[in-house]
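>>> I would like the atomic coordinates for the input below:
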Amino acid sequence: MDGTTFELPLRFAHTAPYPCAYLPDRQARSLVAIPAERIDTPLYDLLIRAGFRRSGDLVYQPDCPDCQDCVPARLRVDRLHTDRSQRRALKRHAGLQAIEMAPTFSEEHYALYQRYQGARHRGGGMDDDNREQFERFLLRSQVDSRLVEFREGGQLRMVSLIDLVADGLSSVYCFFDPDIADASFGTYNILWQAACCHRLGLPWLYLGYWIAECPKMAYKARFQPLELLMDGQWQAFPSRSATAC
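Numbering: from 1, shown residues only. Model (predicted):
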């Protein structure tokens, strides 16, 4: 937390152990900030810099007794270096039109979410989400959240959810059309959000947790310069400590 100390009108409680969604055969546990209704944008500003994340109105951080592989990550946008594949993604999806709106329910968004989960995360538990679960996971928020839909020729291709915090944007979640050949929607989404930070004069894009052993999360190391929250301090990646994760 960059040496900052503060007092919060919150309590913190551990969840019961549950199967880890990222590393097989492991049990996970989260530390949750409660009560959720007290977490407004100024409080969340402090919590996200301390390594917390948001899922709906649940603000949490992994706190597993025998594992520290989930490492908070953020991208320094004004020094962004793109590699060849990232530049290809920008070119491939240059025709996408971004439309920003409040996080509200849309049947079109929900249908795309179901297709995405069924194609990319079948059997992961979210592929059977009903409307209530979809809304609780993506649309419920007490902080400054924005939903951005991306269209190509009028067709919905991707939906991205972001939070605006004091020093940047937080990339909450995105889902996209899984049937477009040679698409790089996920890469484009991060680069688009980084460009938004830069336009707003905000230094950081918070990317959630980097997990070296999980391909779903390890890709984040491709975006540079990346910082990881290690031992209470944000440190440049790669570092000796980060490589050991």
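>>> tell me the domain ranges of this protein?
11-75+204-243, 76-200 (automatic domain parsing).
>>> want to try a markdown table for these, with mean neighbour count and mean pLDDT as columns?
For the C-beta atoms, the positions are set from N, CA and C on the backbone; glycine is no exception. Output for those, formatted as a markdown table (neighbours: other C-beta atoms under 10 Å; pLDDT from 0 to 100):
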| stretch | mean neighbour count | mean pLDDT |
| --- | --- | --- |
| domain 11-75+204-243 | 17 | 91 |
| domain 76-200 | 16 | 94 |
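>>> right, and the helix or strand after the top strand by length along the chain?
Scanning the chain for the longest strand, with DSSP state E as the assignment, gives strand 155-165. Per DSSP states H and E, the first helix or strand lying C-terminal to strand 155-165 is strand 168-176.
>>> what's the angle between that next one and strand 155-165?
160 degrees (axes from the mean of the first three to the mean of the last three C-alpha atoms, to 10 degrees).
>>> tell me the contacts of the nearest residue to Phe137 once chain neighbours are set aside?
Of all residues not flanking Phe137 in the chain, Gly56 sits nearest, at 5.4 Å (C-beta to C-beta, 6 or more residues apart in numbering). Taking C-beta atoms under 8 Å, 6 or more residues apart in numbering as the criterion, Gly56 is in contact with 136-141.
>>> tell me the one of those nearest His93?
Closest approach between those and His93, by C-beta to C-beta: Leu138, at 21.6 Å.
>>> how long is stretch 129-142 end to end?
Across its full length, stretch 129-142 reaches 22 Å between end residues, using C-alpha to C-alpha, to the nearest Å.
>>> make that stretch 50-59, sorry
12 Å.
>>> looks to me like Leu23 is in a strand.
No - using DSSP: H, G, I helix; E, B strand; the rest coil, the secondary structure at Leu23 is coil, not a strand.
>>> which residues touch it?
Residues near Leu23 by C-beta under 8 Å, 6+ apart: 67, 69, 211, 213-214.
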